[in-house]
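K.L.:
requesting a structural model of the entry that follows:
(chains A and B)
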Amino acid sequence: MTTTILAVDDSASMRQMVSFTLRHAGYEVVEAVDGVEALEYARGNVVNLVLTDVNMPKMDGITLVRELRRLESYRYVPLLMLTTEAGQEKKLEGRKAGATGWLVKPFNPDKLLATIAKVL
Amino acid sequence: MSVDLEMEEILKVFFEECAEGLQAMETGLLTLDASADRDTIDAIFRAAHSIKGGAGMFGFMEISQFTHAVETLLDQMRNGSRAVTPDAVQVLFQSIDVMREMTVLAEARQPIVSAHADAVSTLLAQILGREPPGAAAVTTHTAAAAPPPPREPEPAGWRIDFKPHTSLFKTCNDPLRIFRELETLGPLRAVADVAQLPPLAAMDPTLCYLAWNLDLTGSVLQPQVAEIFEWVDADSAIAYRPLVGAGEDEPAPLPPARLAGTPVPVIGVPAPTVPAMVVPVAAAAPSGAAAPAAGRPAADAGSIRVATEKVDALINLVGELVITQSMLGRFSEHYDPENLESLRRGLTHLTRNTRDLQESVLKIRMLPISFSFNRFPRLVHELSRKLGKKVELQLNGENTELDKIVLEKIGDPLVHLVRNSLDHGLETPAARLAAGKSDTGLLELNAFHEGGSVIIEVKDDGAGLNTARILAKARERGLVEPDVTPTNEQIYNLIFAAGFSTAETVSDVSGRGVGMDVVRRNINDLGGHVQVSSTAGRGSTIRIRLPLTLAILEGQMLRVGPETYVISLVSIVETVQPRQAHVQSISGRAEVFKHRDEYLPIIRLHELFGIEPDHREISKGLLVVAESDGKRVAILVDELLAQQQVVIKSLDTNFRHVPGLAGATIHGDGRVALILDVPSLIGKFLEGASPQVDYAA
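P.N.:
Below you'll find the predicted structure:
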């Protein structure tokens, strides 16, 4: 069975970068440009993991995590945040919203894959 | 797609995003002057934040380090801990320039060294009140490392009391995962503490009631252990105690990857000196990869970003074409005269499909003019400051679409016109008040469609063109004879003469008189027109008419003898049936045609191309009055045929360059018609070059 990952980032290059790394590691990737789009997709589809940027227009990553956790089908899906800063505040805010963990940008592809492998 | 190629594509997207982000920052900063609302600062911050993050990911550490300070400053403005002062905004503008320069260098695969980076970094540091970056980057990284450095000597292992909050599972954190990870550091013994476990009936399976006492053996540093608990430590009680003695004799082998080169690992923060990732760099620079002009990083001649909806429309049309094709295809198999009606219907479909497809394909090359307009808010802002004028800039019709090439080439002429308006057109606040106007001048940039063309207007409500001064200057330079009184329109046209300037002082803004002639030439090269209108004391308007695209020409078909020619519709002023009385011969050969008090040289196309016309007498033919660069000629033809859009086929690529011809086009019946290049025809003719051109190849 393929493992599907929902990658959410408003930056196309970042999204493609993440998606590129994951696809080459054998994952199926669905991309969304912001929280709104991701949530819309999530309402109709369940994925195995969500990887979301924090700072996004329309709906930020933390709100997305909170909303996703409200969905019955996403209660036990690992939700990872991509944070640029080592800023403790955002991480805790994300944790409180229901995020499983986070990955600090910039990261290399190996780190991304290792982190994902950890929670899947 | 190969891995390298795919990476290249992603990088290209990154640079496009940088350009957009920088533009967004600039636009945002300009509105900050008026009011410092949170949304705007947020948007600016987000753009900087993305650029920094992306630059880090793609290994452009210089960009990400420089942007770090910018981001910090914006973050402070955003959370209100720092006021938005004009000085700070100015430094941010300078920072954008540096970032732009850096991204251009990065894209050109050149060393990312900006001459101004250090100076601007220092300014940023002064505002932030701390050491310039480099030092700053290190401070922030170490600041993140909350846990204290490990004690010496290294312990033999750790006793970890892990008591998670009951909600642990709600974030999808599995203790088992944590334990497995701990095991990668050394042998682990876990003892579950079931004291909090409620009776089965009262148990909620979504809650975590267990706690654990963990013994991890091995010379492991505490931060390594803490890193594994990082995601859960905020809502768990975790205590670390060093184990003494137990495993000292048999230290577990350490996974080399975890410790290599990092004597003191820092939680969650990669070592700053290690590039985030290795970007594959093509061994040879791609052809044409010369550094693009600074300030226009997105101007990559090779690629266009196309909106998905345009591509969807194309796919849709191709789908329809396939249906039409299968509809028509049936006839080749079972030809039946009975079905002629549906054949006709099929052909009608085909015509429509082709037309729609043509339109859609052309639309791919079309970009909104905002790409070009975007630079003006900043330009006007800085220039008006420099000139001590108050100016309000209004952009209208930013979504009007233009061919990408036209758009790229119109940028510089527009900058020139805007500078001119600011410098010469709009007055100082004092002068405006004295003239009974508001102290703030209005500069409008308008774009809209008119007929098959796009009109761009640069309009100001300034003093208007000073016709008296222009005329005096023109007389002084011998451009106008002393006894001639030109019309206002003719006077306005004088500003396009090469080297013409009425500016009393040459400022660094404008006044050198280089420009307006170049502006007009550039616009003519694009198949466009410039027109000036002005009212003294009320302002002036420069109107540029541009073709929608360069691939297709709105053409007028002409016939001379058996041959058909095409002439661009925009270059035709009018067509007249001449009377012999209005034709005069000068010094034997040259002929002129008196047209409304103006004498126009006559070009006989049949002589030019060496063909036999219907009539050699001018009064039996037609004269097409064509204009380019303000010069007019009358072209003698036999007949005017239809007006139609023609696809320009290059002669240069298919044959060779022929002066006087802009290309060729193919008729529906397969015959070729040559397209006349009016500017070069006029140029050649007026230069006095031999009117007989050798067109025989």
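K.L.:
C-alpha from now on. contacts and neighbour counts both.
P.N.:
Fine.
K.L.:
which strands and helices sit next to the lengthiest helix in chain A?
P.N.:
Secondary structure of chain A per DSSP state H: the longest helix is helix A:12-24. Secondary-structure packing of helix A:12-24 (3 or more C-alpha pairs under 8 Å, 6 or more residues apart in numbering or on different chains; DSSP states H and E): strand A:4-8, strand A:28-32, helix A:109-119, helix B:3-32, helix B:38-57.
K.L.:
out of those, which is closest to residue B:418?
P.N.:
helix B:3-32 (17.4 Å; C-alpha to C-alpha).
K.L.:
and the helices and strands packed on helix A:12-24 as TSV, adding mean neighbour count, distance to residue B:598 and mean pLDDT?
P.N.:
Below are the helices and strands packed on helix A:12-24 laid out as TSV (neighbours: other C-alpha atoms under 10 Å in any protein chain shown; distance: least, C-alpha to C-alpha, whole Å; pLDDT from 0 to 100):
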stretch	mean neighbour count	distance to residue B:598	mean pLDDT
strand A:4-8	24	68	94
strand A:28-32	19	65	93
helix A:109-119	15	74	87
helix B:3-32	19	49	85
helix B:38-57	23	58	85
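K.L.:
relative to residue B:390, which of those is closest?
P.N.:
Closest among these, using C-alpha to C-alpha: helix B:3-32, at 14.3 Å.
K.L.:
between that closest one and helix B:38-57, how many degrees?
P.N.:
If you take axes from the mean of the first three to the mean of the last three C-alpha atoms, to 10 degrees, helix B:3-32 sits at 150 degrees to helix B:38-57.
K.L.:
what's near enough to touch residue 119?
P.N.:
Just so you know, I chose chain A. Contact analysis of residue A:119 by C-alpha atoms under 8 Å, 6 or more residues apart in numbering or on different chains lists A:78, B:173, B:177.
K.L.:
for those, which one is nearest residue B:536?
P.N.:
Of all the contacts of residue A:119, residue B:536 sits closest to residue A:78, with 70.3 Å by C-alpha to C-alpha.
K.L.:
any idea how far that closest one lies from residue B:226?
P.N.:
Distance of residue A:78 to residue B:226, computed by C-alpha to C-alpha, to the nearest Å: 21 Å.
K.L.:
what count of nearby residues applies to residue B:581?
P.N.:
9 (other C-alpha atoms under 10 Å in any protein chain shown).
K.L.:
go through stretch B:428-443 and flag the buried ones.
P.N.:
Within stretch B:428-443, the residues that qualify as buried are B:428, B:429, B:432, B:437, B:439, B:440, B:441, B:442, B:443, counting by 16 or more other C-alpha atoms under 10 Å in any protein chain shown.
K.L.:
who has more neighbours out of residue A:78 and residue B:226?
P.N.:
Per other C-alpha under 10 Å, whichever of residue A:78 and residue B:226 has more neighbours is residue A:78, with 25 against 19.
K.L.:
residue contacts, residue 50?
P.N.:
All of this is about chain A. By C-alpha under 8 Å, 6+ apart, the contact list for residue A:50 reads A:5, A:6, A:7, A:8, A:77, A:78, A:79, A:80.
K.L.:
that's the wrong chain, I meant chain B
P.N.:
A:11, B:21.
K.L.:
can you name every helix or strand that the lengthiest strand in chain B contacts?
P.N.:
Longest strand in chain B, counting residues (DSSP state E): strand B:440-450. Packing contacts for strand B:440-450, counted by 3+ C-alpha pairs under 8 Å, 6+ apart, involve strand B:390-396, helix B:429-434, strand B:453-460.
K.L.:
how about the residues of chain A by chain B?
P.N.:
Within chain A, the positions near chain B by C-alpha under 8 Å from any C-alpha of the partner chain are A:11-14, A:16-17, A:55-56, A:75-79, A:84, A:86-87, A:92, A:95, A:98-109, A:118-119.
K.L.:
for stretch A:37-57, buried residues please.
P.N.:
A:38-39, A:41-42, A:47-57.
K.L.:
now residue B:102. Nearest residue, chain neighbours left out?
P.N.:
residue B:112 (5.5 Å; C-alpha to C-alpha, 6 or more residues apart in numbering or on different chains).
K.L.:
tell me the SS of the one you found?
P.N.:
Three-state call for residue B:112 (DSSP: H, G, I helix; E, B strand; the rest coil): coil.
K.L.:
per-residue pLDDT, it?
P.N.:
Note on residue B:112: pLDDT of 80.
K.L.:
neighbours around it, how many?
P.N.:
19.
K.L.:
quick one: it and residue B:98 touch, right?
P.N.:
No. Using C-alpha atoms under 8 Å as the test, residue B:112 is too far from residue B:98 to be in contact (10.4 Å).
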